[in-house]
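Asks: Next come a sequence and a model predicted from it.
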Amino acid sequence: MLKEICKTKSGCFALFTVFLIVILALFGPYLSPYDPLEIRVDEILLPPSLKHPFGTDLLGRDVLSRMIYGARISIEVSLVAVGLSLIIGVFLGAMAGYFGGLVDQIISRFIDIMLCFPTIFLILAVIAYLEPSILNIMIVIGLTSWMGVARLVRAEFLSLKEREFVLAAKIYGASSMRIIFKHLLPNALPPVLVSASLGMGNAILIESALSFLGIGVQPPIPSWGNMLIEGKETLEVAWWLSVFPGLAILITVLAFILLGERIQEITNPRKK
């Protein structure tokens, strides 16, 4: 799979970027040159230099160190949120696609109702009643992002359940749960992987937007989103406070989108 992804320039860029972000998230405390929370009143708003490659902020904190820690927040939020959305979406999609009939109608109507609400407004409405925290953001994003996965899995199950290997499993007396999770689900995973990659980028974007609005990750915990809002007031005199976090969000989200598209090209025979 990795060799196939790297056969194109966009695939190599996406894989390298995602790998780099994951490394920064895992080993941030060892890679950051400074403590991201340490205030230095004698180094306030220093421009990018050899000592501080991304400059310093309004409290003299090193921007590069805060961005490295911000990568950890972004990866944590996206992993948990996407994992939760996959669990819900795969389960409901599998039940609807395999059993059909009344079960399919109930789940499909529920999906349609959820899709009627714009995701970002649904998230804002829920967050408004909860205390802003990383855990709440993870859960809310996951609970409002599963509908696309459910529809994909449902469509795959509707197509696969009439195949010969499924009929053979039924003849040999395999239970419905065994057929779903051992025979059908592994064959329905390719579109789920694509959806997961795109969902990672979307989760990072939503977390950054919520933090930018002040209802996401709360200071002094560094997040790319709240770093953007901190630099908004000083954009004319300290451009680096907004430019570098903005570029990090742009490049990371783009990498996940390109990775998802590349996986789709590899796993979808029609794309080859």
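Replies: Nice, I can see it.
Asks: and the gap between the spatially closest residue to residue 134 that is not a sequence neighbour and residue 207?
Replies: In space, residue 134 comes closest to residue 217 once its chain neighbours are excluded; the distance is 5.9 Å by CB to CB, 6 or more residues apart in numbering. Where you see a C-beta, it was placed from the backbone N, CA and C, and this is true even at glycine. Look at residue 217 and residue 207: by CB to CB, to the nearest Å, they are 7 Å apart.
Asks: higher neighbour count, these two?
Replies: More neighbours surround residue 207 than the other of residue 217 and residue 207, with 27 against 24 (other CB atoms under 10 Å).
Asks: right, and the more buried one touches residue 76 too?
Replies: No: Residue 207 is beyond contact range of residue 76, at 9.4 Å (criterion: CB atoms under 8 Å).
Asks: For the residue nearest to residue 134, give its distance to residue 209.
Replies: On the measure of CB to CB, residue 217 and residue 209 end up 11 Å apart.
Asks: Now for these two: what residues contact both?
Replies: residue 225 (CB atoms under 8 Å, 6 or more residues apart in numbering).
Asks: ok so, going back, and the residue nearest to residue 134, what does it touch?
Replies: 73, 132, 134, 137, 207, 210, 211, 223, 225, 226.
Asks: Same question for it, what's its three-state structure.
Replies: Put simply, residue 217 is coil when judged by DSSP: H, G, I helix; E, B strand; the rest coil.
Asks: what do you get for residue 37?
Replies: coil.
Asks: Could I get the pLDDT score of it?
Replies: pLDDT for residue 37: 89.
Asks: In space, what's closest to it - neighbours in sequence excluded?
Replies: residue 220 (5.4 Å).
Asks: where's that neighbour relative to residue 138, distance?
Replies: Residue 220 is 20 Å from residue 138, by CB to CB.
Asks: still on that earlier bit, who touches both of residue 217 and residue 207?
Replies: Joint contacts of residue 217 and residue 207 (CB under 8 Å, 6+ apart) are 73, 137, 223, 225.
Asks: Quick check: of these, which has the highest neighbour count?
Replies: The residue in these with the most neighbours, by other CB under 10 Å, is residue 223 (29 neighbours).
Asks: Let me see the contact set for that one.
Replies: 70, 73, 74, 207, 208, 211, 216, 217.
Asks: Angles on the backbone of it, please.
Replies: phi -140, psi 150 (degrees, to the nearest 10).
Asks: Now the longest helix belonging to the chain: buried residues?
Replies: As assigned by DSSP state H, the longest helix anywhere in the chain is helix 63-99. By 16 or more other CB atoms under 10 Å, the buried positions in helix 63-99 come out as 63-82, 84-86, 88-98.
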